[in-house]
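Trainee: fold the following for me, if possible:
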Amino acid sequence: MSYRVTFYRPGTVRFEALIHKGNNGNFAGLKNETGILAHPADPLQGDKPTVSHSGDVYTIKYAHTGDYVTVTRPSSGLTTFAVNGKVSNISLSNTQGLNQKIGSDAGEKFYGLGMSGVSGKVNRSWNLAGDSVRISNSEQSKAPFFISSKLYAIFNNDWNSATYTFGALTPGSVTKVNANPSQTSFDFFVFSAADVPGLVDQYTYLTGRPFMIPIYGLQLGGSDCFHDRRHDWHSSSAISMVKAYERLDIPLGWYQYDDGYGCGIGDNGAEWPNKDPKYDLDTVISIGDAFVKMGVKPGIWAAKASGLGAYAQFIARGNMSVTKTDVAWLGSGYKAAFDTVEMIGQTMEANADIRRFIWTIMGWSGTGKNAVMWSGDQSGGGQYALNQITWYTHATLSGFAYTSGDLDGIYGGSTKTAVRDMQFKTFLPVVMTMSGWGHDAKEVFAFGDVITGIMRSYVQLKAQLTPYQYTLAYQATQNGLGMTRPMLTEFPEDPITWETNSYTLGQFMSGPSFLIVPEPLGTEHIQSVYLPGKDFLWYDFNTNFWRPAANLQGSSIPAPGTGIKAGTTLSDLTVPLAEQVMFVREGAVIPMWAWAIQHVKDVDLETMPLLATIWAAPHGEANVMSGEFELYEDDGVTQAYRKMASTLTKIAWTRTGQSITVTITRKSNNGQTPAFPGAPKSRDFILRLPVITSVKSVTVNGATLPPLHSTNSIDYYPSGWTVRDLAGVAQVGLHAKLGNLPCDETVTVVITE
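Mentor: Prediction:
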């Protein structure tokens, strides 16, 4: 067997192996490019690696990156490799094809392999169905990539079906056994980094960064079939559905109205002959025009019946801006799905100045650069509710930044589990309802007026959080890390976050700032909550900001304005159906729109105030003395962002004694003014410091803001501040309206307690 070692970026080393079968170990004719790599990447240019050896041990060092590989070639037995002192005893054997074995320690933990992959210290195997296997809902979004708690990662650059085994089943090692006995070559990458986000960064640089989601993609979306018996075979009845969302003041970003086998699009008033779906272009255009006027983007199910030529017309003339793919139409195997999704993305962007926005179940390494991974056809409630957190955090560690599932599944479920699912998915990047498959409708207003009110409040909260979530989406295009994160990405120093326990299975981080603890079953009770980290405080988002009257009747939930030490476990929480356990870490800066919006088209950045919530602790209680967030903005829809038509606004704060200084500074990424159409020259700024209740003065650029009686008064003055509620009685934290200020000049705010 012959081997080739190639150094790429710092921390990235490629290994190739070749069984001698008539090729004499000659790599010249080896075609190892799978099409997965976004950066097939020539090796780094610099000095050649140096090789030294002592006995059977050879050390290959590459001074240009600091990486080194140790090769042990005994006179008999397997050749083994080690990389950067983090991963050891990598060996390949050619028993019935090439198989991979990697040494592991007794306490080592592993994460990855896709949506339903490995998490923590485990003793079991995972099967990855490769390119020759027809994909089902049980095979959703796999990735031949895993991360070790020793801060290395392995990516196998292939489409092969294989079995990965961890833990006691293969003591002292991780094994990958390929299902193809005729395989004669092997190609894999070893990554090493200082932390888990660094490993995801290395991996997604190679396989492709997540796509830049259009801003409407962060809002609630829906899907159903309207050319069916329920709707008298008239697709245009979908317009009434979108109007219902508008009438009920529920934000809606997009709607796909041909979801179903044999559905198609038309207003012919009759079932398609032989259930062979048709797509009437005139109907597509008229519905698309109606949707767009209401601020909603239309979507389509990618069906063979539509044909790629017609599909291009739907985009160019029918405003189609969302596409959902299906296992039954994209062929067998992940490569067929990968290629088709990439083709769909290219077709979308070639026929209109829009961004790809595709939902697929069929992810593999690299698919995240093209599509949202959704969990496929699931039954609501029960196991679905319990599984989702680990599915989506696994997916983040597998390079899939956008993940979700149908609201309460497409079958089964209940009113309570639907509410809990919407609450949870408020803090995912994307969320979709899917009606028409099960007995019950799944629209968020299908459960009666009281439940509609609860659902509306969370959909509106998600819309209000768009600036925070859109910035996290942009950051993912730079470093590969999605917003649905396991706690270990933010708190690697906390050993509990690396374990497999009720906390790591039942809690997650939404970006760097929010800790979300769903109550998925509708029982209104959570046995315990763990607040990760150390040396800072956590604050309840409900009582301190969003719902001051929230009643989380837990023995450890403190009064508003009071933080809880990181590392604390809360026990026996009663969580009413209208509430969700949501915490914000001390020091966080969270940009929001000042109020919820119905549709993205309603947002004029010149007139929509930018609300920045700063979670600085009061003087005498503070552990964190500074914080910042760099807000990303662009036009939200077109491909101009690729030419840097965007801005970054840095919101930073520091504490010195009883004084907090906040600075707001914007820069244009393309050096132009405006950086993009709609970029504001000036805007209204609002600061909220939810747990700062004792304030003497607030100044903006040296000018003193007037104190006001209550938050109700804020609406009637161009600027001012208060720490009192609407009635001017209770202290609710600082609310400061800074006024309309130029965006291209630094704003400095000084708050004195």
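
Trainee: where are the low-confidence patches of the stretch 401-550 of the chain?
Mentor: 548-550 (pLDDT under 70).

Trainee: can we see that at 80?
Mentor: Where the stretch 401-550 of the chain drops to pLDDT under 80, the residues are 547-550.

Trainee: okay, buried residues for stretch 260-272 please.
Mentor: Neighbour-count burial for stretch 260-272, with 16 or more other Cβ atoms under 10 Å as criterion, is recorded at G260, G262, C263, G264, I265, G266, D267, W272. Glycine gets a C-beta too; all of them are placed from N, C-alpha and C.

Trainee: same question, stretch 736-752
Mentor: Quick answer for stretch 736-752 (16+ other Cβ under 10 Å): A736, K737, L738, G739, L741, C743, V747, V749, V750, I751.

Trainee: if we can go back for a sec, among the buried residues of stretch 260-272, which one sits closest to V723?
Mentor: G260 (53.7 Å; Cβ to Cβ).

Trainee: what's stretch 195-202 in contact with?
Mentor: Stretch 195-202 is contacted from outside by 9, 11-12, 111, 147, 151-153, 191-193, 396-397, 399, 479-481, 488-489, 492, using Cβ atoms under 8 Å, 6 or more residues apart in numbering.

Trainee: okay, buried residues for that stretch please.
Mentor: Those would be V196, P197, G198, L199, V200, D201, Q202, for stretch 195-202 by 16+ other Cβ under 10 Å.

Trainee: quick one: the strands in the stretch 451-600 of the chain?
Mentor: Counting by DSSP state E, counting those that start in this stretch, the stretch 451-600 of the chain has strands at residues 484-485, 508-510, 514-517, 525-530, 537-540, 564-565, 569-574, 581-585, 589-593.

Trainee: so who does G269 touch?
Mentor: G269 neighbours (Cβ under 8 Å, 6+ apart): D232, W233, H234.

Trainee: surely it is in a strand?
Mentor: No. Looking at G269 with DSSP: H, G, I helix; E, B strand; the rest coil, it is coil, so not inside a strand.

Trainee: so how many other residues sit close to G363?
Mentor: By other Cβ atoms under 10 Å, 29 other residues sit near G363.

Trainee: how about the strands in the stretch 51-200 of the chain?
Mentor: Under DSSP E, counting those that start in this stretch, the stretch 51-200 of the chain gives strands at 57-62, 67-72, 80-83, 87-93, 99-103, 110-114, 118-120, 124-128, 142-148, 152-156, 162-166, 173-178, 185-192.

Trainee: of these, which is nearest T569?
Mentor: Evaluated over those, closeness to T569 peaks at strand 118-120, with 18.6 Å, by Cβ to Cβ.

Trainee: before we move on, the earlier item: which of the strands of the stretch 451-600 of the chain sits most buried?
Mentor: With neighbours taken as mean count of other Cβ atoms under 10 Å, the strands of the stretch 451-600 of the chain reach their highest mean count in strand 484-485, at a mean of 26.

Trainee: what helices or strands is that strand leaning on?
Mentor: helix 382-396, strand 508-510 (3 or more Cβ pairs under 8 Å, 6 or more residues apart in numbering; DSSP states H and E).

Trainee: which one of the ones you listed lies closest to M455?
Mentor: The nearest among these, by Cβ to Cβ, is helix 382-396 at 16.1 Å.

Trainee: burial of G66, as a residue count?
Mentor: Neighbour count for G66, taken as other Cβ under 10 Å: 11.

Trainee: which residues touch it?
Mentor: Residues counted as contacts of G66 (Cβ under 8 Å, 6+ apart) are P10.

Trainee: could you rerun that using 10 Å?
Mentor: F7, P10, G11, N84 (Cβ atoms under 10 Å, 6 or more residues apart in numbering).

Trainee: tell me how far it lies from F7.
Mentor: G66 sits 10 Å away from F7, going by Cβ to Cβ, to the nearest Å.

Trainee: how about G262: what's its closest non-neighbour residue?
Mentor: K275 (4.0 Å; Cβ to Cβ, 6 or more residues apart in numbering).

Trainee: need the contact list for that neighbour.
Mentor: By Cβ under 10 Å, 6+ apart, the contact list for K275 reads Y261, G262, C263, G264.

Trainee: out of the helices and strands packed on strand 484-485, which is the most enclosed?
Mentor: Scoring these by mean count of other Cβ under 10 Å, the most buried comes out as strand 508-510, with a mean of 24.

Trainee: helices and strands around it, which ones?
Mentor: Packing contacts for strand 508-510, counted by 3 or more Cβ pairs under 10 Å, 6 or more residues apart in numbering; DSSP states H and E, involve helix 382-396, helix 466-479, strand 484-485, helix 487-490, strand 514-517.

Trainee: just checking: what are the partner strands of the last one?
Mentor: Based on DSSP bridges, the pairing partners of strand 514-517 within the sheet are strand 508-510 (antiparallel), strand 581-585 (antiparallel).

Trainee: with just CA atoms, put it into PDB.
Mentor: What follows is strand 514-517, C-alpha atoms only, in PDB (Å, rounded to 0.1, in the frame of the first residue of the first chain):
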ATOM      1  CA  PHE A 514     -29.300  32.600  24.300                       C
ATOM      2  CA  LEU A 515     -29.600  29.400  26.300                       C
ATOM      3  CA  ILE A 516     -32.900  27.700  25.300                       C
ATOM      4  CA  VAL A 517     -34.500  24.900  27.300                       C
END
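
Trainee: picking that back up, quick one: which of the strands of the stretch 51-200 of the chain is nearest Q219?
Mentor: strand 110-114 (26.4 Å).

Trainee: quickly run through the sheet partners of the closest one, with directions.
Mentor: Strand 110-114 has these strand partners (DSSP bridges): strand 118-120 (antiparallel), strand 142-148 (antiparallel).

Trainee: restrict it to CA atoms and write it as CSV.
Mentor: Taking Å, rounded to 0.1, in the frame of the first residue of the first chain, the C-alpha atoms of strand 110-114 are listed here in CSV:
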residue,chain,number,x,y,z
PHE,A,110,-17.1,12.2,19.6
TYR,A,111,-19.6,14.3,17.8
GLY,A,112,-20.9,14.6,14.2
LEU,A,113,-21.7,12.2,11.4
GLY,A,114,-24.7,14.3,10.4
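
Trainee: pull the longest strand from the chain.
Mentor: strand 731-742 (DSSP state E).

Trainee: which neighbouring elements make contact with that one?
Mentor: Looks like strand 731-742 contacts strand 610-614, strand 659-668, strand 682-689, strand 697-700, helix 711-714, strand 720-724, strand 747-752 (3+ Cβ pairs under 10 Å, 6+ apart).

Trainee: and the fourth one, what's buried?
Mentor: Okay, so that is strand 697-700. Buried residues in strand 697-700, defined by neighbour count with 16+ other Cβ under 10 Å: V698, V700.

Trainee: what does the longest one give?
Mentor: When neighbours are counted by 16+ other Cβ under 10 Å, the buried residues of strand 659-668 are found to be I660, V662, I664, T665, R666, S668.

Trainee: the second one contacts R688, correct?
Mentor: No. V662 is not in contact with R688 according to Cβ atoms under 10 Å; the separation is 11.2 Å.

Trainee: can you list the strands paired with strand 514-517 in TSV and add distance to A350?
Mentor: Converted to TSV, the strands paired with strand 514-517 look like this (distance: least, Cβ to Cβ, whole Å):
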stretch	distance to A350
strand 508-510	34
strand 581-585	41
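
Trainee: so which of those strands is nearest A17?
Mentor: Evaluated with Cβ to Cβ, these place strand 508-510 nearest to A17, the distance being 37.6 Å.
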